[in-house]
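**Student:** Any chance you could fold what I've pasted below:
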Amino acid sequence: MEAVATGLTSAEVEERRARGAVNEVEERTSRTVGEIVRANVLTRFNAILGAIAVAVLATGRWGDALFVGVLVINSFIGIVQEVRAKRTLDRLAVLHAPTAGVVRDGEEREVALGQIVLDDLVLLRTGDQVPADGDVVAAEGLEVNESALTGESDAIHKAPGDPVLSGTIVVAGRGRFRATAVGRDAYARKLAAEVKAFTRTTSEIQTSIDTLLRYITWIIVAVTPLLLWSQARTAESSDWRDPVTGTAAALVGMVPEGLVLLTSVAFLLAALALTRRQVLVQELPAVEGLARVDVVCLDKTGTLTVGEIAFDALHVLDGDEEAVGAALGAMAHREGANASMAAVGERFAAPAGWVADGEVPFSSARKWSAASFEGHGSWLLGAPEVLLDEADPLRGRVAELASTGRRVLLVQHADGPLAGEALPTGRRSVALCALAEQIRPDAADTLRYFASQDVDIKVISGDSPTTVAAIATEVGLDVGDPIDARALGDEPEDLAEAVRDGVVFGRVSPHQKRAMVRALQAQGRTVAMTGDGVNDALALKDADIGVAMGNGAPATRAAAQLVLLDGRFSSLPAVLGEGRRVIGNIERVASLFVSKNVYSLLLVLLVTVAGLPYPFLPRHLTLISSVTIGIPAFVLALGPNPARYRPGFLRRVLSFAIPSGAITAIAIFAAYALAAAEGLTPDERRTAATIAALVVALWILAVLARPYAPWKLLLLAAMAGVAAAAIAIPPVRDLFDLSIPATLLPQALAIGAAGAFGVELVARAVSAHRPAPRR
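**Tutor:** The predicted structure is shown next:
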């Protein structure tokens with residue numbers, strides 16, 4: 001390419017930086033420290049609990065404000081964990097951030113996207129995502145896909161003077177452009193909100209929890225006046241502090257203060273664990289998303305194979321082998337050679353005296369490239385299926401080579417010059433070039449794992465169907481009849497039947513890859529797409545979960561939610577495992593919190609109807625919540641859990657939590673009412689209710705901790721021990737304002753045991769009406 005300009009000088013770059021004309025386009029991978037603090041402190045439930053704390057502190061009963069300590073600890077843990085995860089993820093994101101080539105002071109150099117300044121001379125190479133808006137100043141076979149912005153799927157030819165827009169993808173050729181709009185002024189940035197909403201990974205867990213929290217907030221607002229009136233009406237003394245603390249206790253019980261915290265921490269720590277496996281999580285909900293996937297679409301190159309292509313053999317059909325080798329060397333050593341050309345270039349050196357006077361660069365849509373040389377005619381290299389006539393007998397030789405897993409390229413020659421992108425007339429086939437790929441040693445095990453989890457595999461490649469099928473068979477896939485995508489349509493409805501039943505697809509265009517993902521989604525499938533080439537970028541963008549290889553094209557990595565930094569396909573089972581751990585554990589934690597919300601609400605209704613005081617002081621609920629929910633929920637949220645994903649998170653949580661919470665409420669009310677009927681003091685009645693609540697709630701914890709493991713049994717024993725110590729040790733008992741006469745303990749324990757039995761029946765009934773998760 002003829003040199004166009006020397007680019008900006010260092011002084012000019014600094015001047016533009018000083019006035020803010022920079023390309024600050026990087027999306028933050030996490031919140032700022034200030035945002036983290038605000039998100040963990042300034043929540044709707046912290047506001048509710050803070051107002052309750054002020055009311056309780058105004059009574060002077062400091063022991064009933066113990067829940068404030070839990071509130072502070074929860075916020076502190078959330079802040080510390082998220083800041084720790086943020087720093088790790090930010091360092092990793094910066095380390096692997098995409099770069100762009102620019103010309104400055106007459107030299108080409110790589111800079112971070114955010115360091116591009118206005119008027120920079122930016123390089124365009126196949127696989128690049130255009131980082132800013134600008135005007136092309138030089139181009140050789142430059143083609144740009146603008147579908148991410150315009151919806152137009154066909155590649156657009158770009159010549160000097162044509163505009164290019166940020167966010168588009170270079171699919172062929174090379175060039176340079178002058179940046180005319182950077183940062184927030186760029187076209188793609190003006191659409192950022194829409195693009196972000198379109199590509200954001202959805203989270204069933206977060207959506208369900210948001211729904212729960214919204215309902216709970218409405219309930220708290222609705223019952224507060226009723227509760228305050230009820231407690232004032234039933235107060236056993238004229239002390240105004242009694243209805244205030246009774247109301248505070250009931251409201252504290254209805255606030256799921258740790259649920260949002262534990263959900264966020266679980267996602268963050270899962271992302272942190274994956275970084276140790278060289279997996280960069282670019283969107284936190286993607287950890288959960290991969291666990292929901294039931295079909296994985298993958299490319300052959302870089303996924304089933306190592307991705308390093310090696311020259312295998314040249315089979316000369318017509319002409320002089322030396323001339324064919326010289327032509328291949330001349331084509332392979334041109335600027336912008338792809339992986340196949342680079343492999344050819346390792347075998348054939350650039351010949352002297354071959355001067356190019358025309359070129360058609362390779363593109364995934366065309367599947368061939370060509371160059372013409374002064375005095376040597378035009379040479380073509382590409383897919384035999386595209387370059388050969390249907391009846392050409394050479395197709396049999398190609399199929400024979402492809403059946404061994406070789407990538408086969410056809411070399412053709414024509415005496416005349418190139419005429420744009422049209423195939424030249426008078427061309428003849430002169431050689432078959434065979435390339436070899438090394439199969440990943442872990443590919444077979446990874447595919448067997450997905451098969452054992454009922455996750456379907458679709459191999460979608462631009463290579464020959466025969467070649468793809470041979471490699472897929474070698475790694476253990478039952479490929480059936482490989483499908484040549486050129487015989488299929490380009491729209492999702494045209495591909496629906498084939499993609500539903502087929503396993504191996506060859507000669508797939510980038511547009512067809514995208515359409516296949518959409519066709520599977522239209523059939524109700526949750527689709528993960530893996531890839532490394534620019535031809536995979538649009539399909540990754542549309543997939544439910546996009547997974548890019550760390551050595552992939554910048555546009556592909558930018559479109560993905562997960563990046564396998566070491567390029568190992570075998571990392572995906574670990575991501576799947578983390579997602580399942582998050583889903584399973586948060587389901588357990590949510591069931592704990594919601595059961596408490598249910599029994600707290602029902603108790604309000606029961607005592608209001610019965611005309612009784614609320615059976616707890618805030619300090620009692622602090623004890624119950626800490627021992628049966630707060631501490632164990634944190635441990636359970638971070639423990640291992642290999643349970644398989646099942647849809648219906650919210651329905652399952654409610655199907656167990658509502659009846660279990662109702663049983664707990666009845667047991668608490670029965671213990672309190674029975675103690676009241678026997679003429680016991682208010683402290684003794686509340687003690688009876690506390691004991692019954694601890695017994696039933698601990699059994700709910702025991703049910704949700706199944707299947708048991710040694711660490712879970714130790715957790716249960718520790719929580720039961722803390723509960724027993726709070727009742728048995730006098731100083732602790734006094735702190736929680738508990739009073740136990742000799743006749744009270746057996747009675748309260750018996751009611752609690754009956755409630756625990758009811759919870760067990762609920763657990764078995766719920767389990768019987770849904771398939772047990774495979775482990």
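
**Student:** ok but residue 645 is inside a strand, no?
**Tutor:** No. Going by DSSP: H, G, I helix; E, B strand; the rest coil, the assignment for residue 645 is coil, not a strand.

**Student:** how about the spatially closest residue to it that is not a sequence neighbour, what does it touch?
**Tutor:** Closest residue in space to residue 645, ignoring its immediate chain neighbours: residue 291 at 4.7 Å, by Cβ to Cβ, 6 or more residues apart in numbering. Quick note: C-beta positions are derived from backbone N, CA and C, even for glycine. Residues in contact with residue 291 (Cβ atoms under 8 Å, 6 or more residues apart in numbering) are 576, 578-580, 582-583, 645.

**Student:** Which SSE is immediately downstream of the helix or strand hosting residue 291?
**Tutor:** Using DSSP states H and E, residue 291 maps to helix 286-292. Beyond helix 286-292 on the C-terminal side, the first helix or strand identified by DSSP H and E is strand 295-298.

**Student:** in that following strand, what's buried?
**Tutor:** For strand 295-298, a neighbour-count test (16 or more other Cβ atoms under 10 Å) marks 295-298 as buried.

**Student:** Could I get those residues in a markdown table, plus columns for pLDDT and distance to residue 160?
**Tutor:** Shown next, in a markdown table, are these (pLDDT from 0 to 100; distance: Cβ to Cβ, whole Å):
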| residue | pLDDT | distance to residue 160 |
| --- | --- | --- |
| 295 | 94 | 44 |
| 296 | 93 | 42 |
| 297 | 93 | 38 |
| 298 | 89 | 39 |
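
**Student:** picking up where we left off before, which of the contacts of residue 291 sit farthest apart?
**Tutor:** Farthest-apart pair in the contacts of residue 291 is 578 and 645; separation 12.1 Å (Cβ to Cβ).

**Student:** Neighbour count: the two, which is higher?
**Tutor:** For residue 578 and residue 645, the more surrounded residue by other Cβ atoms under 10 Å is residue 578, and the numbers stand at 25 against 20.

**Student:** Excluding chain neighbours, give the residue nearest to the more buried one in space.
**Tutor:** Among residues not flanking residue 578 along the chain, residue 270 sits closest, at 4.4 Å (Cβ to Cβ, 6+ apart).

**Student:** do residue 113 as well
**Tutor:** Computed as Cβ to Cβ, 6+ apart, the closest residue to residue 113 that is not its neighbour in sequence is residue 131, at 4.7 Å.

**Student:** A strand includes that neighbour, no?
**Tutor:** No. With three-state DSSP as the criterion, residue 131 is located in coil rather than a strand.

**Student:** show me the contacts for residue 665.
**Tutor:** Neighbour list for residue 665: 598-600, 602-603, 606 [criterion: Cβ under 8 Å, 6+ apart].

**Student:** In the stretch 501-650 of the chain, where is pLDDT below threshold?
**Tutor:** 533-535, 553-555 (pLDDT under 70).

**Student:** all strands for it, in order.
**Tutor:** Using DSSP state E, counting those that start in this stretch, the strands found in the stretch 501-650 of the chain span residues 504-506, 527-531, 545-549, 562-564.

**Student:** Check the stretch 51-200 of the chain too.
**Tutor:** Using DSSP E, counting those that start in this stretch, strands in the stretch 51-200 of the chain cover 99-104, 107-112, 121-125, 133-145, 156-157, 163-164, 169-181.

**Student:** Tell me which of the ones you listed approaches residue 228 most closely.
**Tutor:** In terms of Cβ to Cβ, the element of the strands of the stretch 51-200 of the chain nearest to residue 228 is strand 107-112, at 57.8 Å.

**Student:** Quick check: the gap between residue 664 and residue 130.
**Tutor:** Computed as Cβ to Cβ, to the nearest Å, the residue 664 to residue 130 distance reads 59 Å.

**Student:** so after the worst-scoring helix or strand of the chain on mean pLDDT, what's the next helix or strand?
**Tutor:** Lowest on mean pLDDT, DSSP states H and E among the helices and strands of the chain sits helix 192-199, with a mean of 37. Following helix 192-199 in sequence order, the next helix or strand is helix 204-233 (DSSP H and E).

**Student:** Identify each buried residue in that following helix, please.
**Tutor:** For helix 204-233, burial by neighbour count (16+ other Cβ under 10 Å) applies to 204-206, 208-209, 212-213, 216, 220, 223-224, 227-228, 230-231.

**Student:** Show me what it is packed up against.
**Tutor:** The helices and strands touching helix 204-233, judged by 3 or more Cβ pairs under 8 Å, 6 or more residues apart in numbering; DSSP states H and E, are helix 44-59, helix 241-254, helix 259-275, helix 286-292, helix 572-610, helix 649-677.

**Student:** Select, out of those helices, the one closest to residue 480.
**Tutor:** So among those, helix 572-610 is nearest, using Cβ to Cβ, at 23.1 Å.

**Student:** Show me what that closest one is packed up against.
**Tutor:** Counting contacts by 3+ Cβ pairs under 8 Å, 6+ apart, helix 572-610 is packed against helix 204-233, helix 241-254, helix 259-275, helix 286-292, helix 443-452, helix 631-638, helix 649-677, helix 682-704.

**Student:** picking up where we left off before, look up how far residue 655 lies from the residue nearest to residue 113.
**Tutor:** For residue 131, the distance to residue 655 (Cβ to Cβ) stands at 50 Å.

**Student:** quick one: which of these two has more around it?
**Tutor:** residue 131 (32 against 17).

**Student:** Save the contacts of residue 665 as TSV, and put in neighbour count too.
**Tutor:** TSV is the format used below for those (neighbours: other Cβ atoms under 10 Å):
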residue	neighbour count
598	21
599	31
600	27
602	19
603	27
606	20
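
**Student:** Looking at these, which is nearest residue 688?
**Tutor:** residue 603 (13.7 Å).

**Student:** mind checking how far the closest residue to the closest one other than its chain neighbours is from residue 707?
**Tutor:** Closest residue in space to residue 603, ignoring its immediate chain neighbours: residue 665 at 5.1 Å, by Cβ to Cβ, 6+ apart. Counting by Cβ to Cβ, the gap from residue 665 to residue 707 is 28 Å.

**Student:** do the same with residue 317
**Tutor:** Per Cβ to Cβ, residue 317 is found 64 Å from residue 707.

**Student:** Thank you kindly, that will do.
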